[in-house]
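[1] Turn this into a structure:
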Amino acid sequence: MVKKTLLSLAIAASAAGMAGCQLSSVEDNNKVDDTPITSGQDGAERSSVSPIFSPANGLMPANIDLLFSAASATDGTAQLSSATLPPEVAINKLPGFSTTAAFYLPFNGALNPETVAAGSTVFLVKLKNADDNAAIDPLDISSIVAAFPENPIADDSVQSVFQADYVQLADGSHAIRVMPTEPLEPRTKYIVAVTDGIKGADGLPVRASADYELLRGELELPSSALAPVRPAIQGWEQIAGGFLAQASAGALTQKNIVLSYAFTTNSDSKGLTRYAAPALFVKDQLPLAQAEGLLDGAQPGTTDLIAAGVVQAGGGNPTDPEQVAAAKQTPQYEAALYNTITSLDDELGLPVGLNINTAVQAPAPRAVNIIDVTAVAGGVGIPANALNPALPATATVYQGQIQLPRFLELPVKTTELTPTGIGAAMAADADWSANTGLGAILDGAFGNEAGTTPPKDADGSTNVTWRYPFPQPVATTNGINYAPLMVTLPNGECGAEVPVVMFVHGITSNRASSLAYAASLADNCVATVAIDLPTHGIAPVSSDSNGQAVDNSLLSFNVDPANAQFTGSPWAGVAALDATFSNLQERHGNVFQDGNSIRKDMVFNASPLATAGEGEAVREGTSGSTFINLSNFTRTRDNMQQAVVDLLNLNASLDNIDNTLPVNFDLDKVFVAGHSLGAILGTTYAAVNNDASVLAYNSNLNRVQGVILANGGAHVSKLLENSISFGPTILGGLAAAGVEQGTANFETFMHVIQATIDVVDPANSAKMLAASGTPVALFNMVGGAALPADASGVSFPDALKVAGVFLPDHTVPNFDYFGNEATNPYAAFAPALGLQAGITTAQAPMAGTNGLAGVMGLETVNAATDVTALTTPVQVQVRFNQGTHSTFAASDVPAAFGEMVRQTLMLVNGAYNTPANTLNTSVLESN
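    Predicted coordinates:
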């Protein structure tokens, strides 16, 4: 059933599909000119500077489609012959390159920077994709040319989506950096073209490399291994030359090109939308007529019954043949038909209850159990003010478990305490593998040879990509994650139903960080539900706002029955006596990674840090310490994807949750509030959930009516590089491994990890969320007070906060701080942090909170904003001049926290852009 289209890209297909394909010049730019190519230059004096391009020696840009030469015989992923380093391993699991990360075109000498310009001497030529013709496979350039033989170039191949500049890297090498300013189109082929309008530092035009000249010409090749590369180079150059001629009105031609090559982009969140609604995947594979034939072949008249149901649902007469026939032309009929296919079981010869939806564990209502602490607390829930006297008495906290689909095993613990052993444990973390149960269903239903689906990589392994987006449930606990669940309810008079907010916590935090926010919402008749992100949970140790290890004040919220005697948790104590909770465990699995990257068991049965004597054993273990894995890029990606999967299932289970509790949720008023990493993942989750096709094809999901994103950001790899909290650790760790910031190796590392996580990065999902019409409020901590001249004598950042000095967000940066020393608010602190105050390669226009706001096209709310002038639906970024990164969860700056809660309530009540929304301008940026 899975399309096995030819993925041969240029190497095998270009001879048949591209030979002679050359877009004509301006005289008739809608035709293909099949005249022979004339290679070589015009005889003018040339610089000795040229792009470094030698396929025979492996010297090429990092994002070149030549890496997909074996894709047609595998699962459409790249293949490096020898892959041991993390970026190499990751590349072999990718179906394309990054839509957001910069890439570098290496040169063998210095360039004149003024001659390097996007759309003038450096070009990105976008080719048509499956949105233009469903028969196109982005890796297979012959499919593009076959679909559009007269002009394979996309109509919107504009040159304003990227910047190009000359950089000298920290290792002394020279390159042109091509940096997208907005996400490139996913699942799309681009051709890069560089012209001789660029001059070397000697003032002379650059020339093509000797290898490139040889490959684009017709002279005998020194090795037969280069034979398939030649038609690829020639085909790419022909298309690029045609584009240049048309775009420049004939001023530029193919002869001006000194380098051209193609790369194909990875997907956005399409794979997650297919998990969210598997019927969409079936629709991708089966045209409507074939799908109808499948159903009527299994049971004649099925499609008529489906159409009659659509008629009846619309208030028509299901026995009227004309109405039934008309219904078959509607989107509702298509959705019902494809959903019927995903629900078939015995009709396809399967056991009753086993179908496509159940095989992939698509989002559905999941079993929920609440821990009854009546014997301990006098009720099933515990009043919030009994847990913390500062919280309102109008809130009650409940905990329990929800049975979520489990597609990831726990992190691998370190067994060999050597650098090699430590790295091996991190690299060994399992990522998603493809769902074989679904593969068996599809192969049996469509007559494929057993084992055909899912498609295999060259080494026999499977990958989860947009081509086959369904992960395999793990064997542990039968593929079920018995995940802790926290619910905070109002206990006052609130009416029959209350709105509900799904809270998503930040990195290294846990579900209990929702408490202050949730109790404030409960005080206003709004419920909150929260689960932990993968590898997170309530652990023995936390950190203060200075990053120092402290005893976790929330330890008593730990629900793990095995640790009940050490945590003092009433929930764990009761759960230990009830077999219903025998599989319940905090999602970190009691495994953590210390400052030396050693994975080991957490220690609960020891002295608290604050009271331990010298030499005394102390508690160990922090939440989320294994979430970001720089030795295993796909595990980092799949931790993020698993979080989205979890939230989809949490949404689908809201009715089950409120059925176990004394308060009913209004499922027409479901909202999301994410903090930090929770805002990053919450953006992608909400975009997937609220995609119109997902909601149409999975009725289990409730539409999210609004999203609060506190301290979120985009372009995660560069966000981390520019983070005061994470940058020093990440950059230091890479430097210790010989990968120095600002070098070519570092930038390749960053490009590959970004390409890996692009499928879940908000840079790619934010436009999707905005386009869904979902109201959004993005909280951005921009600071406002005058900054200290240097870091001496200042405890960073707590003493600043006490002094009323609020710096821009130090964890999720507002923007690419370290890309420019002159605009870096932390420049004075950089030496103390071991960072460079300004380094060109740290620049990333989509990184951070400003980047996310820009991609989404949000309006700005500050002290001068007239909220009644905001558009509907409300989609804004709110710029706070007071507060810290932690304020949303910790309420450490009461005035700013109060304004965040108030604005949340305005969004929940649909009053954000009405006169009722009176801003507290004292905590907002003044302009």
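
[2] Which element, helix or strand, includes the residue nearest to residue 596 when sequence neighbours are not counted?
    If you skip the residues right next to it in sequence, residue 596 has residue 422 as its closest partner in space, 7.2 Å away by Cβ to Cβ, 6 or more residues apart in numbering. No exception for glycine: its C-beta is placed from N, CA and C like everyone else's. In this assignment (DSSP states H and E), residue 422 forms part of helix 419-427.

[3] after that helix comes which helix or strand?
    Next in line after helix 419-427, if elements are assigned by DSSP H and E, sits helix 436-445.

[4] could you point out which element follows that following helix?
    strand 480-490.

[5] what's the spacing between residue 333 and residue 292?
    Using Cβ to Cβ, to the nearest Å, one gets 10 Å for the distance from residue 333 to residue 292.

[6] thinking again about what came up before, do I have it right that the residue nearest to residue 596 meets residue 597?
    Yes: in this structure, residue 422 sits in contact with residue 597. The criterion is Cβ atoms under 8 Å, and the distance is 5.2 Å.

[7] Can you work out which residues contact both of the two?
    Between them, residue 422 and residue 597 have residue 414 as joint contacts when contacts are counted by Cβ atoms under 8 Å, 6 or more residues apart in numbering.

[8] okay, residue 333 and residue 292: which has more neighbours?
    Summary of the neighbour comparison: residue 333 and residue 292, criterion other Cβ atoms under 10 Å, with residue 333 having more neighbours (21 against 17).

[9] so what's the more buried one up against?
    Listed by Cβ under 8 Å, 6+ apart, the contact set of residue 333 reads 306-307, 310, 327.

[10] out of these, which are inside helices?
    Secondary-structure check on the contacts of residue 333 using DSSP state H: residues within helices are 306-307, 310, 327.

[11] Quick check: phi and psi at residue 528.
    Here is the backbone geometry of residue 528 (degrees, to the nearest 10): phi -140, psi 140.

[12] mind listing what residue 592 touches?
    Shown here is residue 592, whose contacts under the criterion Cβ under 8 Å, 6+ apart are 539, 599-600, 602, 620-623, 625-626.

[13] So what's the residue count around residue 523?
    Residue neighbour count, defined by other Cβ under 10 Å, stands at 18 for residue 523.

[14] Could you work out the end-to-end span of stretch 854-862 for me?
    Counting by Cα to Cα, to the nearest Å, you get 16 Å between the two ends of stretch 854-862.

[15] circling back: identify each buried residue in the helix holding residue 422, please.
    422-423, 425-427 (16 or more other Cβ atoms under 10 Å).

[16] if you average pLDDT over it, what comes out?
    Averaged across helix 419-427, pLDDT comes to 94.

[17] Using CSV, write down the CA coordinates of it.
    Extracted C-alpha coordinates of helix 419-427, given in CSV (Å, rounded to 0.1, in the frame of the first residue of the first chain):
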residue,chain,number,x,y,z
PRO,A,419,34.7,8.5,27.7
THR,A,420,34.0,5.8,25.1
GLY,A,421,31.6,4.0,27.4
ILE,A,422,29.7,7.2,28.4
GLY,A,423,29.3,8.1,24.8
ALA,A,424,28.2,4.6,23.9
ALA,A,425,25.4,4.7,26.4
MET,A,426,24.0,7.9,25.1
ALA,A,427,24.3,6.7,21.5
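
[18] Counting by contacts, list what it packs against.
    In terms of contact count using 3 or more Cβ pairs under 8 Å, 6 or more residues apart in numbering; DSSP states H and E, helix 419-427 is assigned no packing partners among helices or strands.

[19] Just the CA trace of stretch 645-657, in CSV.
    Extracted as CSV, the C-alpha positions of stretch 645-657 are listed here (Å, rounded to 0.1, in the frame of the first residue of the first chain):
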residue,chain,number,x,y,z
VAL,A,645,1.8,12.1,20.8
ASP,A,646,1.2,12.2,24.5
LEU,A,647,-0.6,15.5,24.3
LEU,A,648,-2.8,14.3,21.5
ASN,A,649,-3.9,11.4,23.6
LEU,A,650,-4.3,13.5,26.7
ASN,A,651,-6.7,15.7,24.6
ALA,A,652,-8.6,12.7,23.4
SER,A,653,-8.9,11.5,27.0
LEU,A,654,-10.3,14.7,28.7
ASP,A,655,-13.8,13.2,28.9
ASN,A,656,-12.4,10.1,30.6
ILE,A,657,-10.6,12.3,33.0
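
[20] mind listing the helices for the stretch 151-300 of the chain?
    Secondary structure of the stretch 151-300 of the chain by DSSP state H, counting those that start in this stretch: the helices cover 210-216, 229-247, 270-276, 278-285, 288-298.

[21] Likewise for the stretch 501-650 of the chain?
    Under DSSP H, counting those that start in this stretch, the stretch 501-650 of the chain gives helices at 515-522, 564-567, 570-575, 633-652.

[22] Can you add distance to residue 774, mean pLDDT and mean neighbour count and give those back as CSV?
    As requested, the helices of the stretch 501-650 of the chain are arranged in CSV below (distance: least, Cβ to Cβ, whole Å; pLDDT from 0 to 100; neighbours: other Cβ atoms under 10 Å):
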stretch, distance to residue 774, mean pLDDT, mean neighbour count
helix 515-522, 19, 98, 26
helix 564-567, 38, 96, 18
helix 570-575, 34, 96, 24
helix 633-652, 13, 99, 25
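
[23] and residue 441, which of those helices is closest to it?
    Proximity to residue 441 (Cβ to Cβ) singles out helix 633-652 among these, at 19.8 Å.

[24] and that closest one, what does it pack onto?
    For helix 633-652, the helices and strands in contact under the criterion 3+ Cβ pairs under 8 Å, 6+ apart are helix 86-91, helix 270-276, strand 395-405, strand 497-504, strand 527-531, helix 677-689, helix 744-757.

[25] For those, state which one has the densest average packing.
    Of these, the one with the most neighbours on average (mean count of other Cβ atoms under 10 Å) is helix 677-689, at a mean of 30.

[26] Tell me what angle it forms with strand 527-531.
    Regarding helix 677-689 and strand 527-531, their directions subtend 100 degrees when assessed with axes from the mean of the first three to the mean of the last three Cα atoms, to 10 degrees.

[27] What angle do strand 497-504 and helix 677-689 make with each other?
    Our comparison of helix 677-689 with strand 497-504, counting by the same axes, to 10 degrees, yields an angle of 120 degrees.

[28] Show me what the very next helix or strand once past helix 677-689 packs onto, helices and strands only.
    With elements assigned by DSSP H and E, the helix or strand that comes after helix 677-689 is helix 692-697. When contacts are defined as 3+ Cβ pairs under 8 Å, 6+ apart, helix 692-697 sits against helix 270-276, helix 278-285, helix 331-343.

[29] can I get these in JSON lines with mean pLDDT and distance to residue 632?
    JSON lines is the format used below for these (pLDDT from 0 to 100; distance: least, Cβ to Cβ, whole Å):
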{"stretch": "helix 270-276", "mean pLDDT": "98", "distance to residue 632": "19"}
{"stretch": "helix 278-285", "mean pLDDT": "96", "distance to residue 632": "27"}
{"stretch": "helix 331-343", "mean pLDDT": "96", "distance to residue 632": "32"}
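
[30] Excluding residues flanking it in the chain, which one is nearest residue 271?
    For residue 271, the nearest residue in space outside its immediate sequence neighbours is residue 469; the separation is 3.4 Å by Cβ to Cβ, 6+ apart.
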